[in-house]
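Q: pasting the sequence and the predicted coordinates here, then a few questions.
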Amino acid sequence: MNSADQRFALVVPTINEIANIKVLLDRAVTALSRLPIPWEIIVVDDQSSDGTPDIVRRFAESESRVRLLVRAGKKGLAGAIAYGWAQTDADLLGVIDADLQHPPELLPTLINKVSDGCDIAIASRYVQPHSIEGWSPLRAAISRMTLLASKPVQKPFLAVKDPMSGFFVLRRKCISGLEFQPTGFKLLLEILARGHISSVTEVPFKFAPRHQGKSKANLMTAVHYLSLLWRLTFKSG
């Protein structure tokens, strides 16, 4: 596909990110404005109670390429991302968390990797050493265990080092015809296991501490992850 024919849509899923969302949108718009292709940012909010949607609405008044979608009565990071992607006809799709732990400045690099022929470009915490400095030993150990647990459901020829990343760009054709588990936090792993993907590139970045606010991860995050692993293992036989 010629780059002149490409369009990019970035989904930002939010729940109570009032302290972060304005900064994220400012940085993402600045980064995407460097691109020669049309783009848009879709904030999918799962009924935040802290005023996050109001911040996005005000931002969109001066930046027409940003729009807000509010999901009523639904929760789940993976479901929010899939919902946002379904509301655009862009052929290049991306996602980034709203907590500013991922650098929006990396977006042009990820998009260019996919524009140049790769199916999916992943911002990876594990390509280079010291990318997760500052993590507690417990958090680092849990991360290693979740990575090991994901290996049996991954396609061996892809050999992705960070299948849990929440920051990536892919071609729409990679997920054509697929329905994803709406709950949980690990959409990328399901895409890697079930998607129409033949080539992957991982771009290193340094994982930043959460800017403000609280992490949404909890015990149910682990439950949803184990459920996803079970389902993917069953589907792959």
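A: Ah, there it is.
Q: neighbours of residue 208, just the number please.
A: Residue 208: 12 surrounding residues under other Cβ atoms under 10 Å. The C-beta positions use only the backbone N, C-alpha and C, and glycine is treated the same way.
Q: can you tell me the element the closest residue to it other than its chain neighbours falls in?
A: Take residue 208 and drop its neighbours on the chain: the residue closest to it by Cβ to Cβ, 6 or more residues apart in numbering is residue 101, 4.9 Å away. Using DSSP states H and E, residue 101 maps to neither a helix nor a strand.
Q: surely residue 101 touches residue 207?
A: Yes. Between residue 101 and residue 207 a contact is recorded at 5.8 Å, counting by Cβ atoms under 8 Å.
Q: count of neighbours near residue 41?
A: Neighbour tally, residue 41, other Cβ under 10 Å: 26.
Q: poorly predicted segments of the chain, please.
A: The chain contains residues with pLDDT under 70 at 1-4, 128-154, 184-185, 209-237.
Q: residue boundaries of the helices in it?
A: 21-32, 52-62, 77-86, 107-115, 137-150, 187-194, 219-236 (DSSP state H).
Q: contacts for the second one?
A: Counting contacts by Cβ atoms under 8 Å, 6 or more residues apart in numbering, the residues outside helix 52-62 that touch it are 14-18, 21-22, 25, 43, 45, 66-68, 70.
Q: adding distance to residue 158, write those out as CSV.
A: Shown next, in CSV, are the contacts of helix 52-62 (distance: Cβ to Cβ, whole Å):
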residue, distance to residue 158
14, 29
15, 30
16, 34
17, 31
18, 37
21, 32
22, 36
25, 32
43, 30
45, 32
66, 32
67, 33
68, 34
70, 35
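Q: so among those residues, which ones count as buried?
A: Buried members of the contacts of helix 52-62, scored by 16 or more other Cβ atoms under 10 Å, are 14-18, 21, 25, 43, 45, 66-68, 70.
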